[in-house]
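**Q** Here is a sequence with its predicted model. Questions after.
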Amino acid sequence: RNALRGAEETLNAARAQLVALEAQVLGDAVTAYLEVWEAQQVVAVREANVRVVTEQLRAARDRFEVGEATRTDVAQAEALLATARSNLAAAQGTRDISRELFNLAVGRYPDALPGPGAMPVLPASEQEAARLARQEHPAIRALQHEVAAAEFAVAQARGATRPSLSVDLSRSETFEAPLAAQEGNDARLSLTLSQPIYRGGQLGSLERQALAQAEAVRAGLNRQVQINLQLLGNAYARLGIATAQIQASDQRINAAQLAFEGIREEASLGARTTLDVLDAEQDLLEARISRIEAQSGLYAAAYGILGAAGLLGVANLNLPVPEYDVAAYGATFQGGRPRIASPQGDRLDTLLQAIGRE
């Protein structure tokens with residue numbers, strides 16, 4: 001009985017691990033999406049910066065031709081243009097790397113990605129998220145089932161040292177025997193009591209091994225709780241940091257935009273140098289990139305909270321995709337269990353047929 005119940009708990013642990021694996025896959029997809037989107041936005045800003053600096057260089061050369069600028073102004077613009085092109089190449093390289101990671105996580109290369117959209121619904125409070133991280137997270141549930149299975153294994157090991165009683169009932173009936181006395185019915189009932197006497201320490205060793213395994217699983221459960229709470233605390237901290245950075249970046253962008261436009265007008269009147277214009281344009285560029293990075297960090301932190309709380313799943317996010325169906329997946333293998341019809345399995349079959357796979 002203990003072995004059967006232990007096997008049931010092991011099966012439940014495997015099911016919970018599937019849910020945890022689904023959350024991991026979704027988390028990797030979210031991370032890949034945000035990295036590609038951020039890289040694309042940075043590339044667009046860098047390209048615009050190259051165009052602006054190119055125009056500034058052209059204007060500096062024109063002013064140099066008519067004697068309104070010096071060779072130093074032209075050299076400064078040329079140096080900044082080279083820097084802008086270098087930064088653009090680096091941003092494009094980062095985008096290409098992000099595309100490869102996206103392909104690894106999703107299974108295809110991304111097209112032009114739209115914005116991340118609305119923020120996901122988070123737990124009502126950090127305390128509620130911590131409760132979910134301790135109790136409802138799929139990794140916690142899997143380890144809880146593993147602890148129960150280990151406890152049944154301990155009970156099974158202890159039961160091996162106790163006496164066992166077996167019952168055997170047999171009945172036979174004889175027809176047309178050579179002798180009439182041999183014909184008739186025969187029934188037998190036997191009781192067998194067995195008790196281990198000496199196993200050379202084997203039974204005690206098995207019990208100690210089962211106890212050590214149970215303690216190891218309990219330690220793993222406590223460790224996973226601490227990991228979840230740490231990830232949750234980190235995610236909430238990053239959420240607060242990203243929120244503050246977005247607000248500061250918006251103010252910085254507005255101020256840098258006004259400063260850039262004013263300095264550019266003053267430079268056209270000869271009150272500012274080319275370097276002043278280029279410096280103001282760089283401030284505006286850095287403010288815009290900081291805004292993009294902060295927005296990406298905000299979404300990453302939000303989904304990190306869901307992941308740490310155990311809410312990063314197809315059902316919790318209401319995603320319009322088919323859920324993983326264990327029965328349908330097992331039936332795809334030769335000699336596997338017969339396929340059990342289910343709505344999830346039908347949607348999975350439709351999706352596989354649409355992409356040309358059996």
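**A** All right, it came through fine.

**Q** Off-centre distance for stretch 90-106?
**A** Put simply, stretch 90-106 sits 17 Å off its chain's centre (Cα atoms, centre = their mean, to the nearest Å).

**Q** got the contact list for that stretch?
**A** 25, 28-29, 31-33, 35-36, 38-40, 42-43, 46, 109-110 (Cβ atoms under 8 Å, 6 or more residues apart in numbering). All C-beta atoms are positioned from the backbone trio N, CA, C, and that covers glycine.

**Q** if you set the cut-off to 10 Å instead, what comes out?
**A** 25-47, 49, 108-110, 113, 289 (Cβ atoms under 10 Å, 6 or more residues apart in numbering).

**Q** Likewise for stretch 203-216?
**A** 146-162, 196, 199, 201.

**Q** Would you mind listing which of the residues you listed are buried?
**A** Buried positions within those, assessed by neighbour count (16 or more other Cβ atoms under 10 Å), are Glu146, Val147, Ala148, Ala149, Ala150, Glu151, Phe152, Ala153, Val154, Ala155, Gln156, Ala157.

**Q** In this structure the first one contacts Ala13, no?
**A** Okay, so that is Glu146. Yes. Glu146 lies in contact with Ala13 (Cβ atoms under 10 Å); the separation is 4.8 Å.

**Q** Mutual contacts of the two, please.
**A** With Cβ under 10 Å, 6+ apart as the test, Glu146 and Ala13 both reach Val217.

**Q** Ser170 - that's part of a helix, no?
**A** No. Read with DSSP: H, G, I helix; E, B strand; the rest coil, Ser170 is strand and lies in no helix.

**Q** Check the secondary structure at the residue lying closest to it once chain neighbours are set aside for me.
**A** Ranked by Cβ to Cβ, 6 or more residues apart in numbering and with sequence neighbours excluded, the top spatial neighbour of Ser170 is Arg188, at 4.9 Å. Assigned by three-state DSSP, the conformation of Arg188 is strand.

**Q** Show me the helices in the stretch 1-150 of the chain, by range?
**A** Secondary structure of the stretch 1-150 of the chain (DSSP state H, counting those that start in this stretch): helices located at 2-65, 71-106, 126-135, 138-159.

**Q** Gln247: which of those is closest?
**A** Evaluated over the helices of the stretch 1-150 of the chain, closeness to Gln247 peaks at helix 2-65, with 18.6 Å, by Cβ to Cβ.

**Q** and that closest one with helix 138-159, angle?
**A** Following axes from the mean of the first three to the mean of the last three Cα atoms, to 10 degrees, one obtains 150 degrees for the angle between helix 2-65 and helix 138-159.

**Q** Tell me the helices and strands packed up against the helix or strand hosting Ala302.
**A** Ala302 belongs to helix 274-309 when assigned by DSSP states H and E. Helices and strands touching helix 274-309, by 3 or more Cβ pairs under 10 Å, 6 or more residues apart in numbering; DSSP states H and E, are helix 2-65, helix 71-106, helix 126-135, helix 202-268, helix 314-317.

**Q** Quick one: mean pLDDT over it.
**A** Averaged over helix 274-309, pLDDT sits at 91.

**Q** What residues sit buried inside that helix?
**A** Those would be 274, 276-309, for helix 274-309 by 16+ other Cβ under 10 Å.

**Q** Please state the offset of it from the chain centre?
**A** Counting by Cα atoms, centre = their mean, helix 274-309 comes out at 23 Å from the chain centroid.
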